[in-house]
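Engineer: The following comprises the amino acid sequence and a computationally predicted model.
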Amino acid sequence: MPPQSSFEAVNAYVDDAARIIDLDDEALAVLRSSHREVAVSLQVRRDDGSLLVVRGYRVQHNGARGPYKGGIRFHPQADLDETRALASLMTWKTALLDIPFGGAKGGIEVDPVGMSPHELERMTRRFTNGIRHVLGTYRDIPAPDVNTNAQTMAWIMDAYSAGAGYSPAVVTGKPLDLGGAPGREAATGRGVVYVLEAAAMHWKLDLTALRVAVQGFGNVGSWVTRALHELGVPVVAVSDVRGGVHRAAGLDVPALFEATTGGGSVVDVAGRDGAEAITNDELLGIDCDVLVPAALGDVLDERTAPLVKAGTVLEGANHPTTPEGDRIMNERGIRVVPDVLANGGGVTGSYFEWSQNIQQYRWPEERFNTELRSKMVEAFTNTELFAEERGITLRQAAFAIALERVARAEKLRGSA
């Protein structure tokens with residue numbers, strides 16, 4: 001049997017949840033498909049005069065509960081199928097977190113490594129102009145994702161505003177000087193830790209005794225590591241694209257940030273204070289209590305899932321676990337807190353920023369984090385209770401709750 005595509009894998013979870021809530025076939029057919037898919041060809045003039053031609057995508061999956069919302073990534077694997085899968089996940093994530101957005105995702109199928117800031121800006125503006133007809137403050141609101149950041153959002157906002165007037169709410173994750181929200185940059189990583197705190201309390205675990213391994217040291221993984229360190233939770237292993245580092249007694253977290261400032265790698269701390277170099281695959285099998293995959297998708301599959309020693313997997317990345325990997329870990333008794341719950345802090349923070357932009361009023365960061373914690377704890381509690389009542393996994397519960405909410409919105413809005 002050929003391997004599932006990313007979109008097929010997400011829809012396998014959707015189908016499973018539909019059976020749990022006894023969703024009718026017509027409603028399921030609507031929720032399995034994307035509302036709109038835009039593909040554009042981008043011609044980017046390089047600094048050396050050569051021409052780069054790449055493909056860009058924006059997929060709007062479902063907007064029954066509000067304007068489309070989802071990040072934009074620059075990555076060689078950001079093809080149409082991957083973008084469809086991520087757009088679908090955003091639909092279920094926003095519904096589970098009960099925020100008034102639908103699901104979308106965008107990407108440019110390109111390796112941005114080695115591209116100059118001028119080249120990235122030209123490419124971003126080209127992309128924005130190619131999809132601007134589907135964007136808007138109450139239509140579709142992008143955000144940062146893999147290999148994009150606040151600067152990328154500033155370029156998108158400026159390109160869009162050139163034709164629509166000053167429109168800060170058309171993107172989130174912006175620089176603070178352009179309407180960004182204090183706390184938004186850290187929101188995804190902090191949200192992961194807020195969910196872990198809630199889980200530890202519910203499962204009667206001593207949070208500070210948990211040994212955590214984090215795969216990925218980008219925006220999400222680095223903020224997870226920082227927030228855990230602030231709470232006194234030992235981080236025993238981390239990794240990035242160059243490899244990882246492990247110390248059973250806990251890593252020197254400030255040293256990790258010192259090493260990675262200015263383009264360094266976490267592997268640069270190997271050899272210090274007993275820390276040893278490991279590979280990304282070895283990190284997945286490290287002896288720990290909580291594993292946080294916070295890099296790219298499909299890292300926990302039929303090959304790597306049997307290696308996991310952690311009792312809990314907290315999905316900081318989008319779809320880091322394949323259906324087969326999920327099945328293996330469930331059979332082994334490993335609790336998996338799914339991505340649509342665990343990493344929902346990012347889109348929740350985006351909702352806060354979007355709301356502030358519309359009101360032209362900025363919250364202090366303390367309020368932002370308090371509201372974020374409240375949303376994440378509420379979502380975890382609802383999901384855990386639903387799972388306990390039905391005797392199902394957290395992933396099944398999360399998708400079931402989300403499907404019910406979106407299906408209800410679709411029914412209330414009526415059909416053509």
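Structural biologist: Good, I have the coordinates.
Engineer: buried set for the longest strand that the chain contains?
Structural biologist: The single longest strand within the chain, with elements called by DSSP state E, is strand 51-62. Using 16 or more other C-beta atoms under 10 Å as the test for burial, strand 51-62 gives 54-62. Backbone N, C-alpha and C define where each C-beta goes, glycine included.
Engineer: what helices or strands is whichever helix or strand comes after that strand leaning on?
Structural biologist: Scanning forward in sequence from strand 51-62 by DSSP states H and E, the next helix or strand is strand 68-75. With contacts taken as 3 or more C-beta pairs under 8 Å, 6 or more residues apart in numbering; DSSP states H and E, strand 68-75 sits against strand 51-62, helix 80-96, strand 102-109, helix 117-131, strand 140-144, helix 345-359.
Engineer: Which one, of these, ends up nearest to residue 216?
Structural biologist: helix 345-359 (13.9 Å; C-beta to C-beta).
Engineer: where in the chain is pLDDT low?
Structural biologist: 1-3, 415-416 (pLDDT under 70).
Engineer: domain parsing for the chain?
Structural biologist: Recorded structural domains for the chain (assignment: automatic domain parsing) are 35-171, 187-342.
Engineer: tell me the angle the longest helix along the chain makes with helix 345-359.
Structural biologist: Ranked by residue count and defined by DSSP state H, the top helix of the chain is helix 365-390. Relative orientation of helix 365-390 and helix 345-359, computed by axes from the mean of the first three to the mean of the last three C-alpha atoms, to 10 degrees: 130 degrees.
Engineer: What are the contacting residues of whatever helix or strand comes next after helix 365-390?
Structural biologist: Following helix 365-390 in sequence order, the next helix or strand is helix 394-413 (DSSP H and E). Helix 394-413 is touched from outside by 13-14, 16-18, 20-21, 23, 27, 30-31, 62, 64-65, 91-93, 95-96, 98, 326, 335-338, 340-341, 382-384, 386-387, 390, 392, with contacts defined as C-beta atoms under 8 Å, 6 or more residues apart in numbering.
Engineer: same thing but 7 Å
Structural biologist: By C-beta atoms under 7 Å, 6 or more residues apart in numbering, the residues outside helix 394-413 that reach it are 13-14, 16-18, 20-21, 23, 27, 30-31, 62, 64-65, 91-92, 95-96, 326, 335-338, 340-341, 382-384, 386-387, 390.
Engineer: Also stretch 251-259?
Structural biologist: 225, 229, 235-236, 238, 245, 265-266, 268-269, 272-273, 275.
Engineer: which one of those residues has the most neighbours?
Structural biologist: residue 238 (31 neighbours; other C-beta atoms under 10 Å).
Engineer: Given the strand or helix carrying that one, what are its sheet partners and their directions?
Structural biologist: Taking DSSP H and E as the criterion, residue 238 maps to strand 235-240. Sheet pairing here is set by DSSP bridges, and for strand 235-240 it gives strand 212-215 (parallel), strand 243-246 (antiparallel).
Engineer: Single out the most deeply packed of these.
Structural biologist: Most buried of those by mean neighbour count (mean count of other C-beta atoms under 10 Å) is strand 212-215; its value is a mean of 28.
Engineer: In PDB, could you pull the C-alpha coordinates for it?
Structural biologist: Only the C-alpha atoms of strand 212-215 are listed here, as PDB (Å, rounded to 0.1, in the frame of the first residue of the first chain):
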ATOM      1  CA  VAL A 212      11.900  17.000  28.600                       C
ATOM      2  CA  ALA A 213      13.500  16.600  25.200                       C
ATOM      3  CA  VAL A 214      12.800  19.100  22.500                       C
ATOM      4  CA  GLN A 215      13.400  18.400  18.800                       C
END
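Engineer: next structured bit after it?
Structural biologist: helix 219-231.
Engineer: Restrict that next one to CA atoms and write it as CSV.
Structural biologist: Extracted C-alpha coordinates of helix 219-231, given in CSV (Å, rounded to 0.1, in the frame of the first residue of the first chain):
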residue,chain,number,x,y,z
ASN,A,219,10.8,29.8,17.2
VAL,A,220,8.6,27.1,18.8
GLY,A,221,11.3,24.9,20.2
SER,A,222,13.5,27.7,21.6
TRP,A,223,10.5,29.3,23.4
VAL,A,224,9.4,25.9,24.8
THR,A,225,13.0,25.5,26.1
ARG,A,226,13.1,29.0,27.5
ALA,A,227,9.6,28.7,29.2
LEU,A,228,10.5,25.3,30.7
HIS,A,229,13.8,26.7,32.1
GLU,A,230,11.8,29.6,33.7
LEU,A,231,9.7,27.0,35.5
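Engineer: What residues sit buried inside it?
Structural biologist: 219-229.
Engineer: returning to that earlier point: any chance of JSON lines for the domains of the chain, columns distance to residue 361?
Structural biologist: Below are the domains of the chain laid out as JSON lines (distance: least, C-beta to C-beta, whole Å):
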{"stretch": "domain 35-171", "distance to residue 361": "12"}
{"stretch": "domain 187-342", "distance to residue 361": "18"}
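Engineer: now the strands paired with strand 235-240 in TSV, with distance to residue 371?
Structural biologist: Below are the strands paired with strand 235-240 laid out as TSV (distance: least, C-beta to C-beta, whole Å):
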stretch	distance to residue 371
strand 212-215	25
strand 243-246	34
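Engineer: Tell me if I'm right that residue 121 and residue 155 touch.
Structural biologist: Yes: at 5.4 Å, residue 121 and residue 155 qualify as touching, with contact defined as C-beta atoms under 7 Å.
Engineer: Is it correct that residue 173 is in contact with residue 143?
Structural biologist: Yes: with contacts counted by C-beta under 7 Å, residue 173 reaches residue 143, the gap being 4.6 Å.
Engineer: Pull up the overlap in contacts between those two.
Structural biologist: With C-beta under 7 Å, 6+ apart, residue 173 and residue 143 have common neighbours residue 350.
Engineer: Now do the same for residue 98: helix, strand or coil?
Structural biologist: Following DSSP: H, G, I helix; E, B strand; the rest coil, residue 98 is assigned to coil.
Engineer: residue contacts, it?
Structural biologist: With contacts defined as C-beta under 7 Å, 6+ apart, residue 98 is in contact with no residue.
Engineer: And it, its phi and psi?
Structural biologist: Dihedral pair for residue 98: phi 60, psi 50, per degrees, to the nearest 10.
Engineer: likewise residue 42?
Structural biologist: According to degrees, to the nearest 10, residue 42 has phi -120, psi 120.
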